[in-house]
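1. got a predicted structure here, sequence first:
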Amino acid sequence: MKLSVAALLALLLLGGLTAGQACAGEPGRKSEAAAGKVVLIGVDAANWKVMLPLMDAGGLPNMARLMREGAWGVLTSEEPTSSPTLWTTIATGMSRKDHGIEDFIIKLPGEYETTPVTSDMRRRKALWNIFSEKGKTAGFINWWATWPAEKVDGFIVSSNLFYLPMVEKSGRGSTMKQMTYPPSLLDEVGPLMAVTREDLGENYKAITGLRLSEVDGRFSIEGVPEGLDPASDEYATAFLKYTTMKMCEIELGSTAMGRSLYKKYSPDIFGIYYQGIDTVQHEWWKYYEPRSSRASFSVSPEDAAKYGKVIPNYYEFTDRMIGRLLEEAGNGTNVIIVSDHGMMAKPLDLGFVFRLNRLFDRLGLLKFLDEEKNDIDFSRTKVIDFGHNDYWKRERSLFVNLKGRDKKGAVEKKDYEAFRKKLAAELTGLKTVNGVSVFKKVGIATASHKEGQAGADLTALVNVDMPLDDVIVINGRGYLVSDFISKRTASGEHDLSGIIIASGPRIIKGVNIKGASIYDVTPTVLAIAGLPVARDMKGRVLSEIIRGEELKKRPIKYISSYEGRPGADGRAGDKAQAKEKKKRIKKSVVDEEIKKKLRSLGYIQ
């Protein structure tokens, strides 16, 4: 029986099916080894609001089949929704505080430089480490924060590899060898990233209705073409076309890579990550949903008709990529599809970009060498908002420029605590001429002034209720609020309702999963694969989706922790490994390209 969209949504929200009501027709018995294999597909920002109407109309055939033959539901996420953090939580079952990947980029201790997060910064073992440690094979492609590629029994193609087309081929250095494990794999997968223009053009047109020739040849994710105003509609349109084309190209290449490596290695766990849906939804949502209870966008009926199907079309493209992968994996494999969060029309309180360094300059706390380039004179600066967290977020992380810790420190160590208290009081008391507080809350963080401390020194919650035409008077001069807060161009924003679909020989058919979170993915994968679940993992096993006979045959086993044991690469575990990782923050040849992309998507300043 075919269920309507409304009925499916009701089941999702109310939990209408249980394991006891699951449909009959279990798949036939496979070999024990094959039955325990897992394919984990990460689809960033996939959400039921878009998927269910498409499925109801006969679309997304591959994901719809998995849903019919298995279990499905909402996968709840958490704030803040930075991708490296959430995908590391999904792959470890640990909180961000435990696994250590808390943002897209970090400020280097004692430096004024930021660097994208790396696998060296992760303090807990991920699925690929655990499977290798337990004598099973693992293969992962393009998962967040997997550079440098770690030694596993199988393969890793790090996320950084997919930025290489953006850099010159010369001068890449030894870090090239760390793009994949084993290092020799780099020569093998390189050609697989080369997508034919015919394949790219066909898929790009299916998504956007546009030809490749309609993508501005001057445009790139690395910079603004000469003559284009970044605030102009022309730029916005060029950006939409270019980023969608690049996502399509990357995901055609990663899928071809996945098929080839799966066939070669046939790993016990295979993982692959798709980012395109997230990127496309951020930029094209205004055409998909011009009017909603959360936001109203200035979109003409003509543009809505022309571009309103780009988001659904990209879901269909992703479904085709999943179909290509599953052709190689076969029917005897357990397939789990998850998203790290959902997407919605951008709420009004996320419609701004906060430029606090401009405010600090006006307050005499910071000095620019070049304000347009955000080039700071650190020798004359006392506090900085590095903007390494999502810079549209109201919660800001502030850093004191401390002597003895930072290269050009301007605040004496003996004055550190007094300075923080004074600054917190000054920012708390800052108001507009109409008496509106600029900050709702300013807090003194737990960071110390010990050598090498990288954490924030203060936190500040910006008041988004300030009218942009209100005025802040500083040293007798008035400044518009809009000098420090500007509008965001993105029209789609994250929400906390992701998806989970699970299907395979060890999965019950017809179960609506209730109360699942991103913390539950790793424990559930381990249980399906017949491996022990660590009690220090924050999530639970979704035992309601595992066939009863499988649970009888292989009851869920628990251990206290996977930490404190030697990793697959022979390094010490837990505390010793964490200390070792902290010492060696590495820089990749594509760090700047990663940061450029994150800036272009509005994730960092």
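-> Great, that's in hand. From a predicted model like this one, the values you see are computed outputs, not experimental measurements. Residues are numbered from 1 along each chain as shown.

2. isn't residue 442 up against residue 420?
-> No. Residue 442 sits out of contact with residue 420 when judged by Cβ atoms under 8 Å, with a separation of 9.8 Å. C-beta coordinates here come from the backbone N, C-alpha and C atoms, glycine included.

3. mutual contacts of those two, please.
-> Common contacts of residue 442 and residue 420 (Cβ atoms under 8 Å, 6 or more residues apart in numbering): residue 458.

4. residue 313 belongs to a helix, doesn't it?
-> Yes. Counting by DSSP: H, G, I helix; E, B strand; the rest coil, residue 313 falls inside a helix.

5. give me the number of residues near it?
-> 22 (other Cβ atoms under 10 Å).

6. how much space separates the residue lying closest to it once chain neighbours are set aside from residue 197?
-> Distances taken as Cβ to Cβ, 6 or more residues apart in numbering put residue 207 closest to residue 313, at 4.5 Å, once the chain neighbours are dropped. Remark: distance between residue 207 and residue 197 (Cβ to Cβ, to the nearest Å) = 15 Å.

7. neighbour count: those two, which is higher?
-> Comparing residue 207 with residue 197 by other Cβ under 10 Å, the one with more neighbours is residue 207, at 25 against 10.

8. surely the more buried one and residue 315 touch.
-> No. Contact criterion Cβ under 8 Å: residue 207 and residue 315 do not qualify, at 9.6 Å.

9. buried residues, stretch 513-523. List them.
-> 513, 514, 516, 517, 518, 519, 520, 521, 522, 523 (16 or more other Cβ atoms under 10 Å).

10. which pair of the residues you listed spans the longest distance?
-> 514 and 522 (19.0 Å; Cβ to Cβ).

11. ok, now which ones touch the closest residue to residue 296 other than its chain neighbours?
-> Counting by Cβ to Cβ, 6+ apart, residue 296 lies nearest to residue 290, which is 7.3 Å off, once chain neighbours are set aside. Residue 290 makes contact with 296, 297, 299, 304, according to Cβ under 8 Å, 6+ apart.

12. buried ones in the helix or strand where the last one lies, by neighbour count?
-> Using DSSP states H and E, the element containing residue 304 is helix 301-307. Taking 16+ other Cβ under 10 Å as the basis for neighbour counts, the residues of helix 301-307 that come out buried are 304, 307.

13. before we move on, what about stretch 187-203?
-> Using 16+ other Cβ under 10 Å as the test for burial, stretch 187-203 gives 188, 189, 192, 193, 195, 200, 201, 203.

14. residues in contact with the last one?
-> The contact partners of residue 203, by Cβ under 8 Å, 6+ apart, come to 248, 252, 317, 320.

15. so which of those is the closest to residue 382?
-> residue 248 (45.8 Å).

16. wait, the closest one sits on residue 317?
-> Yes. Applying Cβ under 8 Å, one finds residue 248 in contact with residue 317, separated by 6.7 Å.

17. between those two, what contacts are shared?
-> Counting by Cβ under 8 Å, 6+ apart, the residues touching both residue 248 and residue 317 are 203, 207, 276.

18. need phi/psi at residue 514.
-> phi -120, psi 140 (degrees, to the nearest 10).

19. tell me how far it lies from residue 196.
-> 44 Å.

20. can you check residue 205 too?
-> Taken as Cβ to Cβ, the span from residue 205 to residue 196 is 14 Å.

21. one more: residue 267?
-> 27 Å.

22. name the nearest residue to residue 288, sequence neighbours excluded.
-> residue 311 (4.5 Å).

23. what's the pLDDT at the one you found?
-> pLDDT recorded at residue 311 is 97.

24. ok, now which ones touch it?
-> Contacts of residue 311 by Cβ under 8 Å, 6+ apart are 50, 277, 280, 281, 284, 285, 287, 288.
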